[in-house]
Structure formats: structure tokens, C-alpha cells
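*Asks:* Any chance you can model this:
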Amino acid sequence: QAQLVESGGGLVQAGDSLRLSCSASGRTFSTFEVYAMGWFRRVPGKERELIAAISHRGTTYYADSVKGRFTISRDNAKNMVSLQMNSLKPEDTADYYCAANPGGLVSSTRPEMYTYWGQGTQVTVSS
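*Replies:* Below is the predicted model:
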């Protein structure tokens, strides 16, 4: 009853841009606007890292590693959240996951706060 589907990953060169999108569907997300939405990434051998999040009211959070380069946005009418990634670096290479936090806030970066997860999309940045 709840599905998150990411799209937009791919192989790019350092300095390029990519835009990731996440579409939410199912009865659970009939109230999509109350969820905080986050983008995590995971590099093999490391923990998932919250890199950007947006609250139900539009408050945003960015990890220091992406601040100033990435922008998260949401379109509640379309049940979508996007991540615009500019000035990509090789260290941005990872699997990127969209996730939904029913608490609605971005005050916590812990993955456990996010109940619903997408399958992920791969981003590879070559040097």
C-alpha cells in the first residue's frame, strides 16, 4: 500500500548535474503532504547517510558534504520529491534512496525515523 520509486540515476562526469526524482504511490501516501521526505545514500561498506530532507512544511536539511550543491524539493500535488545534484564529485558515487518519515520533521537524521523506502537508484560520478 506504499511505494516509493526513484528515477534519474546514471553515470556522469565530475562537475555534471543530475536530478533524482521519487514518486510516492499507494493509499499510505494519500496524505503525502504530512510526510517528511529524505534522500539517503549508501556506499558499499558504509552506513546509509541522510544527505537531504524536507519536512512537511518545507524545512530542509542538508548534510555538510552536499550543502550548496544539492537541492531537495517536493511537489505535494504530484506526490513527488526531487533532488537536484550539481557540481557532482566522484565521492558522490553511491546508491541513492528516497525515504518517507511519517513524523513530518527533519530534526533527526536517523534512518530508523523513516518508515518507507524506495529500491534505490545508482549514481556514478567519474573523475
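
*Asks:* rest of the way, CA atoms for contacts and neighbours
*Replies:* OK.

*Asks:* mind checking how far Gly26 is from Arg74?
*Replies:* Going from Gly26 to Arg74 by C-alpha to C-alpha, to the nearest Å gives 17 Å.

*Asks:* and what of Ser30?
*Replies:* 15 Å.

*Asks:* between the two, who's got more neighbours?
*Replies:* Higher neighbour count among Ser30 and Arg74: Arg74, with 21 against 12, using other C-alpha atoms under 10 Å.

*Asks:* Who does the more buried one form a beta bridge with?
*Replies:* Val81 (DSSP bridges).

*Asks:* Return the residues in contact with it.
*Replies:* 54, 58, 80-82 (C-alpha atoms under 8 Å, 6 or more residues apart in numbering).

*Asks:* try it again with 10 Å
*Replies:* 21-22, 33, 36-37, 53-56, 58, 80-83 (C-alpha atoms under 10 Å, 6 or more residues apart in numbering).

*Asks:* Now flag whichever of these is closest to Thr124.
*Replies:* Using C-alpha to C-alpha, Leu83 comes nearest to Thr124 of the contacts of Arg74, at 15.3 Å.

*Asks:* Packing partners of the host helix or strand of the closest one?
*Replies:* Under the criterion of DSSP states H and E, Leu83 resides in strand 80-85. Under the contact criterion of 3 or more C-alpha pairs under 10 Å, 6 or more residues apart in numbering; DSSP states H and E, strand 80-85 touches strand 3-7, strand 18-25, strand 36-42, strand 49-54, strand 70-75, strand 94-101.

*Asks:* how about these in TSV, adding mean pLDDT and distance to Met113?
*Replies:* What follows is the helices and strands packed on strand 80-85, written out as TSV (pLDDT from 0 to 100; distance: least, C-alpha to C-alpha, whole Å):
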stretch	mean pLDDT	distance to Met113
strand 3-7	97	16
strand 18-25	98	17
strand 36-42	97	10
strand 49-54	97	11
strand 70-75	98	18
strand 94-101	98	6
